[in-house]
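K.L.:
Sequence first, predicted coordinates after that:
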Amino acid sequence: MQTVKKALALATLSSAVLLALAGGNAQAGTLTIESWRVDDLALWENVLIPAFQKKNPGITVKFSPTAPTEYDSSLTARLAGGTAGDLVACRPFDVSLSLYNKGHLEKLDGKAGMESFPASSKVAWQTDDGKDTFCMPIASVMHGFLYNQKIFKEMNLQPPKTEAEFLKLLETVKAGGKYTPLVLGTADQWEAHQVLFTGVGPNYWKGETGRKALIAGKAKFTDPQFLAAWEYEAKLGKFLSKGASAQTYGDSQNMFALGQGAVYAAGSWDIAYFNANANAKLELGVFPPPVPKAGDACYISDHNDIGMGVNKKSKNKEDAYKFLAWLGSQEFADIYTNKVTGFFSLSNHLISVKDPIAKQMIDWRKSCSSTIRVNSQILNRGTPSMENEMWNVNAQVLNGKMTPKDAATKIQTGFAKWYKPQQ
């Protein structure tokens, strides 16, 4: 009876008051965020969402992640069926571009918060002509080399700045016979490409200059600047562990955490793993990919990794755009960069990074030019899949089973089969 009376009483209130009282109602105040970052659930629930709600009381937000391996297919199905959340975590480049082209994501140009991002950070979530931006950039990951400071002190080693210095350092560790010089496995293959090749390669093909030349058809993978990257990779392959071909990504993390290796080919996300690993009583150091020769300009793989879009079928777009505006704020950039260690805000805010290794990595932006993984934009669209071929050839080059020249030829031949500017 009380419920009926309450409903009748509410019916007499103005619509404005109704909206104010309906903070928990799905129609006016509940936002659901889709994401593959299952590991971030506690961060969103305990830190990020409360910080947003402090500024925006009455808006209920639910972070609803899906396992990374299932995210793309299940999200596509939910978007097509009209059951997806209001906000959608965006993969970089083609996966999200496909969602936009199918009419699932809103165009975000001119929306509040978007002004916080430089043009370079938006490229992963734009149409090929750059006219439409459909996800707000959130964070990038970087590639470089972590090192064990204790081993470096023990062997009187210094972080290398050039290719020659790096090879000499690894030779010294190998000769000592006590530690693995370079910790990297090739069993899973992806690290061989996404971490090592696209990490060290930009110093040879001059970052964005080389990448854009491939897209324009003005350069080929068989050109000297790309071949040089594979030749360098082949030299590094001689310093992996004896069982590298059977060594998984998890094995590599464990080996380095246990102090069995001097240098670790790293994605910045690895910092959080080693910080949290109880076995890793490590004094970590970090250095960027060494340049070919002293005085050369340096380039870093500063790869756009995650963005956020608005579901076109959201029933609560007004609040979704409020949330998006907050994602573009200094407050969010600070919290995300410092709580998700190794993921760096793509905004132009000045951020005080607390983790010492993460701070060193983000500071590379001050002295080196940023680029993204070489084949991530446009080049993965054909058959054969360049991404899959890159995994394979880079693992084989590191294993000594394929020559740098054969690797370059294989990638270029597959590329030219489907990409007209390369024909």
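P.N.:
That came in fine, so what should we check first?
K.L.:
going forward, measure contacts between C-alpha atoms and count neighbours the same way
P.N.:
OK.
K.L.:
Quick check, Val263 in contact with Gln149.
P.N.:
No - Val263 is beyond contact range of Gln149, at 9.5 Å (criterion: C-alpha atoms under 8 Å).
K.L.:
quick one: which of these two has more around it?
P.N.:
Val263 (29 against 20; other C-alpha atoms under 10 Å).
K.L.:
what about that one, is that helix, strand or coil?
P.N.:
Assigned with DSSP: H, G, I helix; E, B strand; the rest coil, Val263 falls in the strand class.
K.L.:
what sits against it?
P.N.:
Neighbouring residues of Val263 by C-alpha atoms under 8 Å, 6 or more residues apart in numbering: Phe145, Leu146, Tyr147, Asn148, Pro181, Leu182, Val183, Phe256.
K.L.:
and these, which are buried?
P.N.:
Phe145, Leu146, Tyr147, Asn148, Pro181, Leu182, Val183, Phe256 (16 or more other C-alpha atoms under 10 Å).
K.L.:
quick revisit: could the contacts of Val263 go into CSV alongside secondary structure, distance to Ser314 and pLDDT?
P.N.:
Shown next, in CSV, are those (DSSP: H, G, I helix; E, B strand; the rest coil; distance: C-alpha to C-alpha, whole Å; pLDDT from 0 to 100):
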residue, secondary structure, distance to Ser314, pLDDT
Phe145, strand, 42, 98
Leu146, strand, 43, 98
Tyr147, strand, 46, 98
Asn148, strand, 48, 97
Pro181, strand, 52, 99
Leu182, strand, 48, 99
Val183, strand, 46, 98
Phe256, helix, 45, 96
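K.L.:
ok so, going back, out of the buried ones among the contacts of Val263, who's nearest Lys55?
P.N.:
Leu146 (38.4 Å; C-alpha to C-alpha).
K.L.:
residue boundaries of the strands in the protein?
P.N.:
30-35, 60-65, 87-90, 136-148, 180-183, 261-267, 284-287, 299-310, 344-345, 369-371 (DSSP state E).
K.L.:
could I get these as a markdown table with distance to Gly414?
P.N.:
Formatted as a markdown table, the strands of the chain follow (distance: least, C-alpha to C-alpha, whole Å):
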| stretch | distance to Gly414 |
| --- | --- |
| strand 30-35 | 33 |
| strand 60-65 | 36 |
| strand 87-90 | 28 |
| strand 136-148 | 26 |
| strand 180-183 | 30 |
| strand 261-267 | 27 |
| strand 284-287 | 34 |
| strand 299-310 | 24 |
| strand 344-345 | 33 |
| strand 369-371 | 23 |
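K.L.:
Among the ones you listed, show me which one is buried the most.
P.N.:
Most buried of those by mean neighbour count (mean count of other C-alpha atoms under 10 Å) is strand 344-345; its value is a mean of 28.
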